[in-house]
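> Following is a predicted model, sequence given first.
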Amino acid sequence: MPNSPGELQVIVPNLHRRYSGVTATNRMVAPRLARLYRAAWFGTDAPEGIARLSGADFMKLWRRSAPLVWHARRNNEMIAGVALRALGWPLKLVFTSAAQRHHSWITRWLIRRMDAIIATSDISASFLKVKATVIPHGVDTDVYAPPADRAAAFAEAALPGRYAIGCFGRVRAQKGSDVFVEAMCALLPRYPDFSAVIVGAVTPEQIPFANELKKKIEIAGLQARIVITGELPIEDVQRWYQRLTIYAFTSRNEGFGLTLIEAMAAGAALVASRAGAAELVVEDGVTGVLTPPGNADALAAALEPLMRDPASALAMGARGRARVLAQFSLDAEAKRIGEVYRPLL
């Protein structure tokens, strides 16, 4: 605990059993928030750099006089916050929404009971029907950074050729894994210096979908040049970013799409479908190229000039890295969130 429960200012709850994208983004920014406020993590998967709030310490907060921010990111965390406040905890309720869809009646009811709302993009904000502060996710630009030697990083992978194109995330239609494979099957025969990698888990319900992708890859004779890694430790994922010359963000729909800024931070050129926060993050034609979701032909057309001229891809990657440093760092995200907390405290 930061000195004592009575000195606490912010609780970061994580009331979700399964590790998810929401958990990942929460874990990244929470230690930065802890540098600005006396904050503690309540729940599973606590990261380094922020105190953990035990159940016993949590009970000591009941009926204290000083306000305390409860920053929810899921319905169950909003429900808990509303219930706890009704029972006497001095909570100020904040909710962050990344969803880009119409909300259920229960979510709308809960949102109206929050003291402040954060949306991760303008599109997410448009579905909330209440005033929201737009704060995009940030990324650790020290961890997600260009390699000292990209060619040496690529060589570690033992893939054919000299350059890699990547697409990261769970293997499923929503992530556009099939769009990526279709584009690669069209392009790789013409560009022998490139190989492709899909980094992400194949969950049991997605095994038939993944098997269909593997059949397409086999029919194209590209088994050695289109690799599906399966789920990897986060350190291995970070190293894979450093092996890429180009990153393809192919989601059909997305809350935010953290891989956008992770790949840009690592200096990869970006071709992104107009999903999630892509239009917020990418300056089309400058720090990336935007394409319509679910369109393999458009993806291939956007990728081909970068494959034809890898030097231009690296230059785009450098511009993308500079944009992330300026606009999408974790420190920038934490500072903006702190500005939402300040009037509540």
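Everything's here; your move. Residues are numbered from 1 along each chain as shown.
> what ranges do the strands span in the stretch 201-345 of the chain?
Using DSSP state E, counting those that start in this stretch, the strands of the stretch 201-345 of the chain run over 226-230, 246-249, 269-273, 289-291.
> I'd like those as CSV, with distance to residue 314 and mean neighbour count appended.
Placement of C-beta: from N, CA and C, glycine included. Shown next, in CSV, are the strands of the stretch 201-345 of the chain (distance: least, Cβ to Cβ, whole Å; neighbours: other Cβ atoms under 10 Å):
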stretch, distance to residue 314, mean neighbour count
strand 226-230, 22, 18
strand 246-249, 10, 29
strand 269-273, 7, 29
strand 289-291, 15, 23
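> Minimum distance to residue 142: which of these has it?
strand 246-249 (19.0 Å; Cβ to Cβ).
> Just give me how far that closest one sits from the chain centre.
14 Å (Cα atoms, centre = their mean, to the nearest Å).
> Poorly predicted segments of the stretch 201-345 of the chain, please.
Across the stretch 201-345 of the chain, nothing is flagged by pLDDT under 70.
> Using the three-state scheme, assign the closest residue to residue 177 other than its chain neighbours.
Nearest residue to residue 177 in three dimensions, chain neighbours excluded: residue 171, at 4.8 Å (Cβ to Cβ, 6 or more residues apart in numbering). Under DSSP: H, G, I helix; E, B strand; the rest coil, residue 171 falls in the coil class.
> just residue 77 next, same as before
Of the three states, residue 77 takes helix under three-state DSSP.
> List the residues that contact it.
Going by Cβ atoms under 8 Å, 6 or more residues apart in numbering, residue 77 touches 13-15, 70.
> Tell me the pLDDT of residue 1.
We note a pLDDT of 51 for residue 1 in this prediction.
> related to what we said a few turns ago, who are the neighbours in contact with the residue nearest to residue 177?
177, 198, 200-202, 206, 209-210, 213, 228.
> Kindly indicate the member of these with the most neighbours.
If you count neighbours using other Cβ atoms under 10 Å, the busiest of the contacts of residue 171 is residue 198, which has 26 neighbours.
> Filter the contacts of residue 77 down to just the buried residues.
Those of the contacts of residue 77 that meet the buried threshold are 13-14, 70, by 16 or more other Cβ atoms under 10 Å.
> wait, isn't residue 91 in contact with residue 70?
Yes - when contacts are counted by Cβ atoms under 8 Å, residue 91 is listed as touching residue 70 (4.4 Å).
> intersection of neighbour lists for these two?
Common neighbours of residue 91 and residue 70 (Cβ under 8 Å, 6+ apart) are 11, 81, 84-85.
> Out of those, which sit inside helices?
Using DSSP state H, the members of the shared contacts of residue 91 and residue 70 that fall within helices are 81, 84-85.
> and residue 125, how far is that from residue 115?
Noted for residue 125: a distance of 17 Å to residue 115, by Cβ to Cβ, to the nearest Å.
> swap that for residue 46, please
24 Å.
> Ok, residue 100 next?
The gap separating residue 100 from residue 115 is 23 Å, by Cβ to Cβ.
> The two: who's more crowded?
Applying other Cβ under 10 Å to residue 100 and residue 115 shows that residue 100 carries more neighbours, namely 20 against 17.
> what's the closest non-adjacent residue to that one?
Residue 100 sits nearest to residue 123 (Cβ to Cβ, 6+ apart), 5.0 Å away.
> any idea how this structure splits into domains?
Domain assignment of the chain by automatic domain parsing yields the ranges 5-138+329-344, 150-327.
> can those domains go into a markdown table with extra columns for distance to residue 144?
Listed next are the domains of the chain as a markdown table, based on distance: least, Cβ to Cβ, whole Å:
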| stretch | distance to residue 144 |
| --- | --- |
| domain 5-138+329-344 | 10 |
| domain 150-327 | 4 |
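> Please identify the most buried of the ones you listed.
Highest mean neighbour count of the domains of the chain: domain 150-327, a mean of 20 (counted as mean count of other Cβ atoms under 10 Å).
> give the contact list for residue 202.
Contacts of residue 202 by Cβ under 8 Å, 6+ apart are 170-171, 210, 228, 230-231.
> Could you rerun that using 10 Å?
Residue 202 makes contacts with 170-172, 177, 209-211, 213, 228-231, as judged by Cβ atoms under 10 Å, 6 or more residues apart in numbering.
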